[in-house]
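**Q** here is my input; please provide its structure:
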Amino acid sequence: MALALYSDLYWFPDGTIAANTEARVFPMSSNVLAPLFTDITGTVPLPNPIFTDGAGMLTFWAEEGQYWVHIDSESFRISVGNPVQLDAWDGASVALSTGLMSGGGFTANGTSIDVQETVGYVVNYSTDTFRPTLTRVHAPAQTRALSPAALARTLTWWQMDSTGALIELIDEPTPVERRTRITLGFSIVFGGVVAITRPAPVPLAQPANQYADLTDNLGPFIISGALPGSNGVGLTWSITAGEMFSRSFNYSNNPNNPNVAPILAQAPAQYRRATQTTVVFPPPVTALDPANYDVGGVITPVPGGTNVSTIQRIFVFAQDNATDQLVIQYGQRTYSSLTAAVAGVGMETYTVNPAFVGTLVGWICVTKTATNLSDPTQAVFVPASSKFARP
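**A** This is a model prediction of the structure:
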């Protein structure tokens, strides 16, 4: 622990020095007396309660931080050393973006719009990047007539500046405009009157949950690695090590890197088979099943000749153990040849099992009679080349 010296003078309300007066020292938010010491080494403890000296000085060494001193029926909040203090202005400027706090909705009113009472903030970094200006904007409900130019066009975007004035824009706000004025939304004019209004603000409420909304709708994705491929002669396959983004999955293991999950290298890969309707997943296997495909959720033999092919999809999941990380979902249509299947990757209509909260890492295009996934005339592995590859 880092010890620091505290030494200060105390006196009574009448101005008399508080000499030889008992003091009790507590850490902030604790009712347990703090450990006190005679010097920076922390080897010789001091009693607590402690007494001021004959000159009214209260002196001790303690761990850096915030404390309460109770002396003569009074309480004093003190700092020992130089504990880091949050600058309220810096904190507010970091926590706030330019945007809407409440209100700001608007409705059509002939050639005007009726705007609700609006509260928002404009955070200005342009004037002083070290000390941004925070302006709280509180505008009363108002009716704003559209300009002749706005009535002559179909779409108009609306913003509010730091004075509460409404601003018309021809186009959607730019990144700069979004940071310097409060965006409210847009209106649409048909036949010379406002026919449609649509709020589209940057809401400041619940920013952490807005982040969760975004990441949950985007879903997990591969950050690096996780490349599927053959595993020598036969129907087994492999996957390289990698990382995937999966919101909060790793929080309990590493709060400083909570959203990154490791993908384990496997050769051969252990995986589970699934259809578009599988609810209970079977035990893991290692060999691919090229002879079957998914017809409405039913595992069905692939019809046709020896070259008829399907596309099976490899999904990876944020799980700690290898046996639960991989699932292959059967193909849902057939192709006349392996070449046609490869050409169909990412193009066909495909239903992903709704139970999946994982990400696609690649496709295995395979003939129904394949016995060797390393033979390019029998199977072709196509890794997903984008973070949000189509199924």
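
**Q** hmm, which helix or strand of this structure has the shakiest average pLDDT?
**A** helix 88-95 (a mean of 61; mean pLDDT, DSSP states H and E).

**Q** ok, then the element right after that helix?
**A** Next in sequence after helix 88-95, counting helices and strands by DSSP states H and E, comes strand 99-103.

**Q** correct me, but A62 touches A4?
**A** Yes. Contact criterion C-beta atoms under 8 Å: A62 and A4 qualify, at 7.0 Å. Backbone N, C-alpha and C define where each C-beta goes, glycine included.

**Q** what's the neighbour count on Y125?
**A** For Y125, the neighbour count with other C-beta atoms under 10 Å is 14.

**Q** got the contact list for G105?
**A** V115, Q116, P199 (C-beta atoms under 8 Å, 6 or more residues apart in numbering).

**Q** gap between it and Y10?
**A** Counting by C-beta to C-beta, to the nearest Å, the gap between G105 and Y10 amounts to 57 Å.

**Q** now the residue nearest the centre of the chain: phi and psi?
**A** The centroid of the chain falls nearest to Y211 when counting by C-alpha atoms, centre = their mean (4.4 Å). When quoted as degrees, to the nearest 10, the phi and psi of Y211 stand at phi -60, psi -40.

**Q** likewise for A322?
**A** Dihedral angles (degrees, to the nearest 10) for A322: phi -60, psi -40.

**Q** which residues sit in contact with it?
**A** L264, Q266, Q270.

**Q** can you tell me the closest non-neighbouring residue to it?
**A** Nearest residue to A322 in three dimensions, chain neighbours excluded: L264, at 4.7 Å (C-beta to C-beta, 6 or more residues apart in numbering).

**Q** can you give me the strands in the stretch 201-350 of the chain?
**A** 221-225, 228-230, 237-239, 242-245, 260-263, 272-274, 292-295, 298-301, 309-316, 326-329 (DSSP state E, counting those that start in this stretch).

**Q** out of those, nearest to N254?
**A** Nearest to N254, of all those, is strand 260-263, at 8.1 Å by C-beta to C-beta.

**Q** pull out the buried residues from that closest one.
**A** A261, P262, I263 (16 or more other C-beta atoms under 10 Å).

**Q** circling back to that earlier point, so what's the residue nearest to the centre of the chain scoring on pLDDT?
**A** Looking at Y211, its pLDDT stands at 90.

**Q** re earlier: could you export the strands of the stretch 201-350 of the chain as a markdown table, including mean pLDDT?
**A** Listed next are those as a markdown table, based on pLDDT from 0 to 100:
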| stretch | mean pLDDT |
| --- | --- |
| strand 221-225 | 95 |
| strand 228-230 | 95 |
| strand 237-239 | 97 |
| strand 242-245 | 95 |
| strand 260-263 | 94 |
| strand 272-274 | 96 |
| strand 292-295 | 98 |
| strand 298-301 | 97 |
| strand 309-316 | 97 |
| strand 326-329 | 97 |
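
**Q** of those strands, which is nearest V342?
**A** strand 309-316 (8.4 Å).

**Q** now do the closest one: distance to the chain's middle.
**A** The gap between where strand 309-316 is centred and where its chain is centred comes out at 29 Å by C-alpha atoms, centre = their mean, to the nearest Å.

**Q** distance of P140 from E117?
**A** From P140 across to E117, the span is 6 Å (C-beta to C-beta).

**Q** neighbour count for those two, which is higher?
**A** E117 (13 against 10).

**Q** for that one, give its distance to L214.
**A** Counting by C-beta to C-beta - E117 and L214 are separated by 28 Å.
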